[in-house]
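> Need coordinates for the following:
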Amino acid sequence: MEKAKEFIEREWFTITGQLFSLMKIESVSAKPELKKKMYEAADYWQVLLLDAGVDTAEVIETAGNPVTYGEKIIDPKAPTIMVYAHMDVMPAEPLNLWKYQPFEPREENGYILGRGANDDKGQSFIQLKAFEYLAKNNLLKVNVKFIIEGEEEVGSPSLAGFLEKHKDQLACDFILVSDTNMAGIDMPGITTGLRGLAYWEIEVKGPSHDLHSGIFGGAVANPANVLASMLANVHNADGAITIPGFYDKVRELSYEERAKINEATYNETDYKASLGVSALHGENGYSTLERTGIRPTFDICGIWSGYTGEGTKTVLPAVAKAKISSRLVPNQSYAEMAALVKDFFEQNMPEGVTVTVKDLHGGDPYECPADFVPLKAAEQALFKIFGKPAVHLRSGGSIPIISTFEKILGVKTLLIGFGLGSDAIHSPNENFSINNLKKGIESMIQFYIEYQQNIGK
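I've put the predicted structure just below:
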């Protein structure tokens, strides 16, 4: 690893130069007017992959934004690792909250600053440069493929079709991703679980038009009252979800698994202060780390009805709507949960109104098996680089494409991230620790070495 460290220091000017060139590209997938920037990023990734040592690289069209694909085949009979990353970033607005221009990256006080510093341009460079070191020093004993997509930040709507169309080309033994966090400063983490996501819009309709609340109030079902009442009944006093069948397939973790999760750095006082709340709330019987990692949720993301302008307008609204997100855990199914929620609201609908549950978006949860050989290699590698065991993290967030990989390609994913909660991803002043970037490259080089030594064991 001393040679690997020398490589990182010797090539640091080149590494940051290439990374900054990528970060300067305003590859915001949420903005259709920036479509050309997505192709600019895809073309630049092709150059980066070829420079790093892949045999071939190409930009492939999809139904949406392009995908950059590259591969290095050492031996067709050897195992194949596929590295997944994304070239798109979140919009930078509000721009007035940035210390510097978001697409003018720079180094400052031990950090890289700018949109994409962590998510995912900075973290994708960890994978790129680890591969480059191994490839150029003839240390690779496995095949490596790369897919760099351009729609992750908008839910990867075109990637499933891309996977189906190129299934044979993308065949691999497992997928490797750096797009998650560590357990804390200098505390390595491996994300072994991701919650799934289900997202709905619920609409309650009553009269054909808004009514005078004085003349008709008390005589006609008020859609806003009905919706508020139904939503209030989703949780009981213990914070549990009351929808029949909601927990039927939830996998209860063992005492050992729960203990492993609670090894992550967590200070309740600091946590509350960072959120600006005086108390925490959730399902009884579980720690905060468990509530946000291994338990399902049902949350109102938005709710509206009637008159909300200045002053007063005494109306009984004709329509009330809410947007709902539900985070799912193994072994819950997004499709099954959607059906349960639809049934719950339709069966609890009072006379005089109609309820429509519209399915907007979703993805299944993901869980990495404890006996997964790449997981063991990752644990060994991170221990050697950081000098302490890696914490197994259960992410409260969702990366829907991970479960899609498993469904279409039939392989598991290993998630080793080097970000921190303080990196402000998706927010103004996104940043990434230079130390974490360097340690990340070292860790992934060591991971390949450990995995190659463990093959066949």
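> now for the least confident helix or strand in the chain by mean pLDDT, which elements pack on it?
Within the chain, no helix or strand scores below helix 255-261, which has a mean of 87 by mean pLDDT, DSSP states H and E. Counting contacts by 3 or more Cβ pairs under 8 Å, 6 or more residues apart in numbering; DSSP states H and E, helix 255-261 packs against helix 288-291, strand 391-395. Yep, even glycine has a C-beta here, placed from its N, CA and C like the rest.
> Of these, give the one that comes closest to residue 127.
Closest approach to residue 127 among these is made by strand 391-395 (18.6 Å; Cβ to Cβ).
> Only the buried residues of stretch 316-324, if you could.
Within stretch 316-324, the residues that qualify as buried by neighbour count (16 or more other Cβ atoms under 10 Å) are 316, 317, 318, 319, 320, 321, 322, 323, 324.
> Identify, from those, the entry nearest to residue 257.
Lowest distance from residue 257 to the buried residues of stretch 316-324 (Cβ to Cβ) belongs to residue 324, with 28.6 Å.
> so the closest one makes contact with residue 300?
Yes: using Cβ atoms under 8 Å, residue 324 is in contact with residue 300, at 6.1 Å.
> what residues does stretch 292-305 touch?
193, 195, 199, 223-224, 227-228, 231, 234-235, 241, 243, 246-247, 250, 253, 258, 261, 282-283, 286, 317, 319-329, 332, 393-396 (Cβ atoms under 8 Å, 6 or more residues apart in numbering).
> ugh, wrong one, stretch 343-352
202, 204, 206, 220-221, 226, 230, 233-234, 243-244, 355, 357.
> now stretch 2-12
Taking Cβ under 8 Å, 6+ apart as the rule, stretch 2-12 contacts 15, 129, 133, 137, 438, 441, 442, 445, 446.
> Quick one, which of those are buried?
15, 129, 133, 438, 441, 442, 445, 446.
> Export those as TSV, with columns for secondary structure.
Converted to TSV, the buried ones among the contacts of stretch 2-12 look like this (DSSP: H, G, I helix; E, B strand; the rest coil):
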residue	secondary structure
15	helix
129	helix
133	helix
438	helix
441	helix
442	helix
445	helix
446	helix
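> Could you pull out the buried residues of the strand or helix carrying residue 407?
Counting by DSSP states H and E, the element that carries residue 407 is helix 400-409. Residues of helix 400-409 classed as buried: 400, 401, 402, 403, 404, 405, 406, 408, 409 (neighbour count, 16+ other Cβ under 10 Å).
> Please type out the PyMOL selection for whichever of the contacts of stretch 292-305 turn out to be buried.
Those of these that count as buried under 16+ other Cβ under 10 Å are selected in PyMOL with:
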select buried, resi 193+195+199+223+224+227+228+231+234+235+241+243+246+250+253+258+261+282+283+317+319+320+321+322+323+324+325+326+327+328+329+332+393+394+395+396
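> So which of the contacts of stretch 292-305 are in helices?
Applying DSSP state H to the contacts of stretch 292-305, the entries found in helices are 223, 224, 227, 228, 231, 258, 261.
> how close does the fourth one sit to residue 222?
When distances are taken as Cβ to Cβ, to the nearest Å, residue 228 and residue 222 turn out to be 9 Å apart.
> ok, now the fifth one?
Residue 231 sits 14 Å away from residue 222, taking Cβ to Cβ as the criterion.
> can you pull out the strands in the stretch 51-200 of the chain?
Using DSSP state E, counting those that start in this stretch, the strands found in the stretch 51-200 of the chain span residues 56-60, 67-72, 80-86, 106-108, 111-113, 143-149, 174-177, 189-194, 196-205.
> Turn those into TSV, columns for distance to residue 19 and mean pLDDT.
Output for the strands of the stretch 51-200 of the chain, formatted as TSV (distance: least, Cβ to Cβ, whole Å; pLDDT from 0 to 100):
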stretch	distance to residue 19	mean pLDDT
strand 56-60	18	98
strand 67-72	16	98
strand 80-86	13	98
strand 106-108	10	97
strand 111-113	7	98
strand 143-149	14	98
strand 174-177	18	98
strand 189-194	23	94
strand 196-205	30	95
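> closest to residue 290 out of those strands?
Among these, strand 189-194 comes nearest to residue 290, with 11.2 Å by Cβ to Cβ.
> Now do the closest one and strand 391-395, the angle between them.
40 degrees (axes from the mean of the first three to the mean of the last three Cα atoms, to 10 degrees).
> Endpoints of stretch 171-189, how far apart?
For stretch 171-189, the separation between the terminal residues is 27 Å (Cα to Cα, to the nearest Å).
> So for it, what gets flagged as buried?
For stretch 171-189, burial by neighbour count (16+ other Cβ under 10 Å) applies to 172-183, 187-189.
> ok now do residue 80, which residues does it touch?
So residue 80 contacts 142, 143, 144, 145, 171, 172, 173 (Cβ under 8 Å, 6+ apart).
> how close does it sit to residue 71?
9 Å.
> what do these two both touch?
Residues touching both residue 80 and residue 71 (Cβ under 8 Å, 6+ apart): 143, 144, 145.
> Verify the stated contact: residue 222 with residue 318.
No: Residue 222 lies out of contact with residue 318 (Cβ under 8 Å); the separation is 9.7 Å.
> which residues do these two both contact?
Counting by Cβ under 8 Å, 6+ apart, the contacts common to residue 222 and residue 318 are residue 206.
> Tell me who's in contact with the spatially most central residue of the chain.
Nearest to the geometric centre of the chain sits residue 399, at 3.8 Å (Cα atoms, centre = their mean). Neighbour list for residue 399: 152, 177, 179, 194, 363, 366, 415 [criterion: Cβ under 8 Å, 6+ apart].
> of the residues you listed, closest to residue 387?
Checking the contacts of residue 399 against residue 387 with Cβ to Cβ, the nearest one is residue 415 at 21.6 Å.
> who does the residue lying closest to that closest one once chain neighbours are set aside bridge with?
Nearest residue to residue 415, sequence neighbours excluded (Cβ to Cβ, 6 or more residues apart in numbering): residue 191, at 3.9 Å. When assigned by DSSP bridges, residue 191 has beta-bridge partners residue 393, residue 415.
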